[in-house]
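Novice: My questions are about this predicted structure, shown below with the sequence.
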Amino acid sequence: MSIKAALEELGYGPCYHMKIAIYRPHHLQFFMRAWRGKKVKWKRFFRGYHSVVDWPACSFYKELMAEFPDAKILLNVRDPEAWYDSMYDTIYAIQPSFPFWFPPVVRKLHDDIIWNGHFKGNFEDRQIAIAAYVDWTDEVKKTVPPDRLLVYNVEDGWAPLCNFLGIPVPEVKAFPHINERKSFQRVIRLLKVLNWLVPLLLIILASLAILSA
């Protein structure tokens with residue numbers, strides 16, 4: 001989210017992110033078709049966006065590189081141990097809290113592309129998951145031509161990002177640092193409340209309907 005906010009501040013918005021996809025089932029279905037090897041129209045799908053970060057789009061960086069040959073690639077890196085802790089407390093932790101009324105494709109995409117795709121069903125094994133993360137970063141470094149790639153840590157701030165994009169560094173605007181872990185924790189608490197509150201409301205409404213019949 002910090003990189004999304006930074007890119008939008010620099011004029012590369014709107015920036016596509018998982019938070020956009022998750023509330024649009026037809027977007028998730030699009031990515032699932034691509035994951036299954038179906039031919040999809042990337043340019044048409046992203047026609048309203050000027051940048052993209054996060055899953056599920058990052059899983060298709062090779063396809064996007066080919067489709068957008070002038071696009072530059074950011075490889076967001078951090079300490080692998082800290083990365084795992086963050087993933088475990090956010091994206092992985094929210095899975096059990098998905099409410100029953102969420103479109104099934106939400107869980108399907110997470111399971112197929114992230115947990116069973118990239119991590120082969122082994123995300124709970126810390127060392128295996130970290131090894132997968134390291135392998136992924138190594139693969140991207142080997143795959144993307146050096147003139148198109150920036151290996152980037154958000155702690156480095158504006159300078160390397162702006163230099164890579166060939167634009168001036170903002171003089172008065174602080175680099176955005178968005179705490180996704182706290183945001184996810186709030187959402188998880190809300191979903192847990194909704195998971196017991198909504199069925200309770202349905203029971204109450206059904207009881208009132210019976211009584212008034």
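Specialist: Alright, I've got the coordinates. Residues are numbered from 1 along each chain as shown.

Novice: From now on I want contacts and neighbour counts done on CA atoms only, so please keep to that.
Specialist: OK.

Novice: And stretch 24-42, what's buried?
Specialist: 27-32, 34-35 (16 or more other CA atoms under 10 Å).

Novice: first to last residue in that stretch, what's the distance?
Specialist: One end of stretch 24-42 sits 16 Å from the other (CA to CA, to the nearest Å).

Novice: now swap in stretch 60-78 and tell me
Specialist: Start-to-end, stretch 60-78 (CA to CA) is 21 Å.

Novice: Just the residues contacting that stretch, thanks.
Specialist: Applying CA atoms under 8 Å, 6 or more residues apart in numbering, the set of residues contacting stretch 60-78 from outside is 42-43, 137, 140, 144, 148-154, 165.

Novice: if we can go back for a sec, can you lay out the buried residues of stretch 24-42 as a markdown table showing pLDDT and distance to Lys72?
Specialist: A markdown table is the format used below for the buried residues of stretch 24-42 (pLDDT from 0 to 100; distance: CA to CA, whole Å):
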| residue | pLDDT | distance to Lys72 |
| --- | --- | --- |
| His27 | 94 | 23 |
| Leu28 | 92 | 24 |
| Gln29 | 94 | 26 |
| Phe30 | 96 | 23 |
| Phe31 | 95 | 21 |
| Met32 | 94 | 24 |
| Ala34 | 96 | 21 |
| Trp35 | 95 | 22 |
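
Novice: if we can go back for a sec, inside strands: which ones of the contacts of stretch 60-78?
Specialist: Of the positions in those, 149-152 sit in strands, assigned by DSSP state E.

Novice: Just among these, which is most surrounded?
Specialist: Leu150 (20 neighbours; other CA atoms under 10 Å).

Novice: Just list the residues touching that one, thanks.
Specialist: 72-75, 161, 164.

Novice: again, only this time at 6 Å
Specialist: The contact partners of Leu150, by CA atoms under 6 Å, 6 or more residues apart in numbering, come to Leu74.

Novice: Is it bridged to anything, and to what?
Specialist: In this entry, Leu150 is beta-bridged to Leu74, by DSSP bridges.

Novice: How much space separates it from Met65?
Specialist: 14 Å.

Novice: Likewise for Arg36?
Specialist: 19 Å.

Novice: just Ile3 next, same as before
Specialist: 19 Å.

Novice: In terms of neighbours, single out the busier of these two.
Specialist: Between Ile3 and Met65, counting by other CA under 10 Å, Ile3 is the more crowded of the two (23 against 15).

Novice: For Asp147, give its distance to Pro160.
Specialist: If you go by CA to CA, the gap between Asp147 and Pro160 works out to 14 Å.

Novice: Give me the more crowded residue out of these two.
Specialist: Pro160 (16 against 9).

Novice: Name the nearest residue to the more buried one, sequence neighbours excluded.
Specialist: Tyr152 (7.7 Å; CA to CA, 6 or more residues apart in numbering).

Novice: Now do the contacts for that neighbour.
Specialist: For Tyr152, counting by CA under 6 Å, 6+ apart, the contacting residues are 75-77.

Novice: and with 7 Å instead?
Specialist: 74-77 (CA atoms under 7 Å, 6 or more residues apart in numbering).

Novice: That one and Lys43, how far apart?
Specialist: 25 Å.

Novice: do Leu149 as well
Specialist: As judged by CA to CA, Leu149 and Lys43 stand 21 Å apart.
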